[in-house]
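J.: this one's structure only:
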């Protein structure tokens, strides 16, 4: 999908997307569970908390988790974006990658600086 198809509720994976409305909402949900996550020592318990964050995000009507993919020529032209000689497009990420993003956000000590 192209950048024009990104919705305000979508969560953009990767660096530098903190000011996107969907990412801000995502970080708000994560912030409510961060203390609980950091205080438990059991891996299974942390996985449960991360899954509950995922379910809360899904229930809230947030958009898709998207990742920018660069340098691929496998997508049809309508889904490509030319950027500095490379072909880039946005794609939805799978649940495993979503869970990794949620767990990383839960581990993060503080929110990134807002400009």
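T.: Thanks, I have the structure now. Remember, it's a predicted structure, so these values are computed and weren't measured experimentally.
J.: Need the contact partners of the top helix by length along the chain.
T.: Determined from DSSP state H, the single longest helix within the chain is helix 43-59. Helix 43-59 has contacts (CB atoms under 8 Å, 6 or more residues apart in numbering) with 11, 26, 29-30, 33, 36-37, 40, 95, 98-99, 102-103, 106. No exception for glycine: its C-beta is placed from N, CA and C like everyone else's.
J.: Mind picking the two most distant members of those residues?
T.: Greatest spatial distance among the contacts of helix 43-59 (CB to CB): 11 and 40, at 24.2 Å.
J.: Between the two, which is the more surrounded one?
T.: Between residue 11 and residue 40, residue 11 has the larger neighbour count (other CB atoms under 10 Å), namely 24 against 12.
J.: which residues touch that one?
T.: Listed by CB under 8 Å, 6+ apart, the contact set of residue 11 reads 20, 22-23, 25-26, 57, 62-66, 101.
J.: Among these, which one is most surrounded by other residues?
T.: Per-residue neighbour counts (other CB under 10 Å) across the contacts of residue 11 peak at residue 26, which has 26 neighbours.
J.: Give me the contacts around the helix or strand encompassing that residue.
T.: Using DSSP states H and E, residue 26 falls within helix 21-31. For helix 21-31, the surrounding residues in contact (CB under 8 Å, 6+ apart) are 7-12, 17-18, 53, 56-57, 60, 62-63, 102, 105-106, 111.
J.: buried residues in stretch 48-63?
T.: 49-50, 53-54, 57, 62-63 (16 or more other CB atoms under 10 Å).
J.: hang on, the earlier thing: name only those of the contacts of helix 43-59 that count as buried.
T.: Applying 16+ other CB under 10 Å to these flags 11, 26, 29-30, 33, 37, 98, 102-103, 106 as buried.
J.: Closest to residue 90 out of these?
T.: Once CB to CB is applied, the member of those that ends up nearest residue 90 is residue 11, at 11.4 Å.
J.: Does residue 89 fall in a helix, a strand, or a coil region?
T.: When classified by DSSP: H, G, I helix; E, B strand; the rest coil, residue 89 comes out as strand.
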